[in-house]
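Asker: Okay, structure incoming, though there's no sequence with it:
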């Protein structure tokens, strides 16, 4: 799995916002949820609870973090209402690229990634 620069920035913002507004325990729950969601996608990128987003581009899919919630138990509990989703696509047959991690209330058309972890020229 490769994480694009926009997705990396999204993750940093999500974690910082959560820590600042909800504290360390909430931050750890968010971190665990993100790790679990990335693991779920790496095990099955076309999992039935992901969505083909052909309207956004060839091979683009989305996966809402709420789909990984029950597997993301942390010592401090679970994220109560996950509100983010992952935009991703295949870079190679066995490699997916993460383009963005976005709040589900954003205008998706305005936040499309320019790359999916393939900034180095990988197509």
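Answerer: All right, it came through fine. It should be emphasised that the depicted structure is a prediction, and the values quoted were computed from it without experimental measurement.

Asker: hang on, residue 70 packs against residue 78?
Answerer: Yes: the criterion here is CB atoms under 8 Å, and residue 70 meets it with residue 78 at 7.4 Å. From N, CA and C alone the C-beta is placed, and that goes for glycine too.

Asker: Mutual contacts of these two, please.
Answerer: Here residue 70 and residue 78 have no joint contacts, going by CB atoms under 8 Å, 6 or more residues apart in numbering.

Asker: between these two, who's got more neighbours?
Answerer: Of the pair residue 70 and residue 78, residue 78 is the one with more neighbours under other CB atoms under 10 Å, namely 15 against 9.

Asker: so what's the more buried one up against?
Answerer: By CB under 8 Å, 6+ apart, residue 78 lies in contact with 29, 33, 69, 70, 72.

Asker: Swap in 7 Å and give it another go.
Answerer: 29, 69, 72 (CB atoms under 7 Å, 6 or more residues apart in numbering).

Asker: what does residue 82 give?
Answerer: Residue 82 touches 33, 64, 65, 66, 69, counting by CB under 7 Å, 6+ apart.

Asker: helix, strand or coil for the residue sitting nearest the centre point of the chain?
Answerer: Centroid-nearest residue in the chain, with CA atoms, centre = their mean: residue 86, separated by 3.0 Å. Assigned with DSSP: H, G, I helix; E, B strand; the rest coil, residue 86 falls in the strand class.

Asker: What lies in contact with the longest helix along the chain?
Answerer: Counting by DSSP state H, the longest helix found in the chain is helix 24-43. Helix 24-43 is contacted by residues 1, 11, 14-15, 18-19, 47, 63, 65, 68-69, 71-72, 74, 76-79, 82, 86, 88, 96 when judged by CB under 7 Å, 6+ apart.

Asker: number of nearby residues for the nearest residue to residue 104 once chain neighbours are set aside?
Answerer: Spatial nearest neighbour of residue 104, chain neighbours left out: residue 83 (5.3 Å); criterion: CB to CB, 6 or more residues apart in numbering. Residue 83 has 13 neighbours, counted by other CB under 10 Å.
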